[in-house]
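J.: Fold the following, please.
(one chain, ligands or ions: 3)
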Amino acid sequence: MKVTTSGFLETGNIMVIPVFEGCNKAPNNATTNLNRSASIAVKSAFASDSFTGKLGESLSVWTKECQIILLGVGEKNDLTTKKSRDTGAKCFASLSKNHGTKIVIRYTTGWNVKNMAAFAEGMILRDYSFDKYQKKEDDKKGPWSLMCQTIERHQDALNSAVNRAYEIATGVHLARDLGNEPANKLYPEEFGKRALEWSKDKQNVEVEVWNYARLKEEGMYGLIEVGKGSIHKPCMVFFRLNPSANKDSEVPCIVGKGITFDSGGISIKGSAGMDEMKLDMHGSATVFGLFQALHATGYEGRINGITCMAENMPSAEAYRPGDVINTYSGKTIEVLNTDAEGRNVLADGLWKASELKPSYIIDLATLTGSIVVALGHEATGLFSNNKALSGKIQIAGDEVDEISWPMPLLPAFEKQMTSSKIADVRNQGKGRWGGASQAAGFLKQFVQEREDKEGKKSQIPWAHLDIAGTAGIWGGETNVTVGHGATGVQVRALHYLITQK
Ligand code: BES
Ligand code: ZN
Ligand code: ZN
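T.: Ligands and ions are numbered 1, 2, ... in the order given. Modelled structure (predicted):
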């Protein structure tokens, strides 16, 4: 989608006029450059009882030149960026290219730049479909274009805000693409290949892939054991943005669970909904998408990413319940359930991240069904050993409407996970209660401590985002910026977190 900003010039094929409640006459500029009859039709529509500007209300006026949509966004003082974004996304989803592909949004009286940008952002985010495996009708209509019209005073600020939203959306859409890819097309090595490909023409980006042989050399058996049952062997992918910037300072490291398919392994899952487990690599997709978003917006700081890629399959070579894993950290894991595989691969990822002298570590993982029971599809579960970090993640999530909800990291859960009779940690708790907290208690064992200047030891600031409920839309209605499938969740929130000082 091409996005531009201008004054009230052309009318496009589809003109959207979002307005506040109680607007009973056409606002200034709404009818600029419309011909006389179109202008009269729009004015009559505003004056009629059929349109009051209530949130979600919409009225189409058909003229020879274009479809004009009056769109209610509710009370002016109640308008939030979330409402703007969602209204933009829903409006976009209702459009048809039959009327042409040029969309014009006319922001008239009372709109501020933040809300204007959010409305356009909703459209940009929603302009996504995963149809590469479908036979297409010869689509001669081409891509959409979006022209945001406002008064001159706002044009520069709006232009940079929408362009930034567009750049960030390239990362969101990349994450969705990766999440939506079926597991026979996107397996660990293929993810690595795509990351290398992506980095090729980018000066300030480095991608490194540790293949199966390298993982063995390094002793990364958390990742190896999970992935060895598949013909598609596991790998670890390193993302480095601006590797030569801030050389001596600590920088964030973002870690992603990348199970390209989670069958459960020997502890095999039931068949209902198993297809959704192609999305079990959304943590890694978010990391990749985040790096794209940071690169596209010209972020100049250094940042590291690690994705732990494996396919969890049952086979003669698969790991079993009862096995003991020697992880990269030196700690051992007793496997009680091969379906609790995400934590095993993250054990190696988190330990490796700890070695990169991070200012903080954030991991993203579709880790537990239990978090979906707790939070549904409304929020990502947030576990952290650091109040300042978790506070910032919450603020970032609220700002862009990718909510992270704090969950407890209680010592009792850690105790449960470290009470194996034969190994250092066990990969399943003692019962099903608090499953998401058990998983977090497990992960915490693999975040290293370090010394501060006074020689005091404490664990590296770390946050774990359980995105099992927010990574995909399978008929749900919570996230209206997506029609179906992978959401690209947390790309925008983490981009905000990292780029806002
Ligand atoms: N990938 C699943 C978690 C999941 C569930 C993601 C639903 C998305 C939607 C994870 O690997 C898993 O199977 N977890 C188990 C852990 C249990 C065996 C301790 C779970 O949550 O049931
Ligand atoms: Zn699993
Ligand atoms: Zn899984």
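
J.: give me the number of residues near the residue in the stretch 1-150 of the chain that ligand 3 sits nearest to?
T.: Here the residue of the stretch 1-150 of the chain nearest ligand 3 is residue 130; by C-beta to the ion that distance is 21.0 Å. (Each C-beta comes from the backbone N, C-alpha and C, glycine too.) Residue 130 has 16 neighbours, counted by other C-beta atoms under 10 Å.

J.: So stretch 397-413, near ligand 1 or not?
T.: No: judged by C-beta under 6 Å from any ligand atom, stretch 397-413 and ligand 1 are separated, with a smallest distance of 12.4 Å.

J.: Kindly export the longest strand anywhere in the chain (C-alpha atoms) in PDB.
T.: Using DSSP state E to assign secondary structure, the strand with the most residues in the chain is strand 251-262. Taking Å, rounded to 0.1, in the frame of the first residue of the first chain, the C-alpha atoms of strand 251-262 are listed here in PDB:
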ATOM      1  CA  VAL A 251      22.000  -3.800  24.700                       C
ATOM      2  CA  PRO A 252      18.700  -5.600  24.700                       C
ATOM      3  CA  CYS A 253      18.500  -9.200  23.500                       C
ATOM      4  CA  ILE A 254      15.200 -10.500  22.300                       C
ATOM      5  CA  VAL A 255      14.700 -14.300  22.200                       C
ATOM      6  CA  GLY A 256      12.000 -16.200  20.300                       C
ATOM      7  CA  LYS A 257      10.500 -19.700  20.600                       C
ATOM      8  CA  GLY A 258      10.600 -21.100  17.100                       C
ATOM      9  CA  ILE A 259       8.800 -24.500  17.000                       C
ATOM     10  CA  THR A 260       7.900 -24.600  13.300                       C
ATOM     11  CA  PHE A 261       5.400 -27.400  14.200                       C
ATOM     12  CA  ASP A 262       4.500 -28.700  17.600                       C
END
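
J.: helices and strands around that strand, which ones?
T.: Other helices and strands packing on strand 251-262, by 3 or more C-beta pairs under 8 Å, 6 or more residues apart in numbering; DSSP states H and E, are helix 188-199, helix 282-296, strand 303-312, helix 342-355, strand 358-365.

J.: Kindly report the residues of the stretch 251-400 of the chain close to ligand 1.
T.: When proximity is defined by C-beta under 6 Å from any ligand atom, the stretch 251-400 of the chain lies next to ligand 1 at 262, 280, 337, 339-342, 366-370, 372.

J.: List buried members of those by neighbour count.
T.: Neighbour counting over those (16 or more other C-beta atoms under 10 Å) leaves 262, 280, 339, 340, 341, 342, 366, 367, 368, 370, 372 as the buried ones.

J.: on that earlier part again, taking strand 358-365 as reference, get the angle to the longest strand of the chain.
T.: Taking axes from the mean of the first three to the mean of the last three C-alpha atoms, to 10 degrees, strand 251-262 and strand 358-365 form an angle of 20 degrees between their directions.

J.: Keep the buried ones among the residues of the stretch 251-400 of the chain next to ligand 1, but drop any that are not near ligand 2.
T.: Among these, the residues within reach of ligand 2 (C-beta under 5 Å from the ion) are 262, 339, 341.

J.: sorry, back to before: kindly reformat the residues of the stretch 251-400 of the chain next to ligand 1 as CSV containing pLDDT and distance to ligand 3.
T.: Putting those into CSV (pLDDT from 0 to 100; distance: C-beta to the ion, whole Å) gives the following:
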residue, pLDDT, distance to ligand 3
262, 98, 4
280, 98, 4
337, 98, 11
339, 98, 7
340, 99, 8
341, 99, 6
342, 99, 4
366, 98, 6
367, 98, 7
368, 98, 8
369, 97, 9
370, 97, 12
372, 95, 12
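
J.: The residues you listed into CSV, with extra columns for distance to residue 348?
T.: Output for these, formatted as CSV (distance: C-beta to C-beta, whole Å):
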residue, distance to residue 348
262, 17
280, 17
337, 18
339, 18
340, 15
341, 12
342, 12
366, 18
367, 15
368, 19
369, 23
370, 23
372, 25
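
J.: what sits against the nearest residue to the residue of the stretch 1-150 of the chain closest to ligand 3 once chain neighbours are set aside?
T.: The shortest distance from residue 130 to any residue other than its chain neighbours is 4.2 Å, reached at residue 180 (C-beta to C-beta, 6 or more residues apart in numbering). Residue 180 is in contact with 130, 279, 485, 486, counting by C-beta atoms under 8 Å, 6 or more residues apart in numbering.
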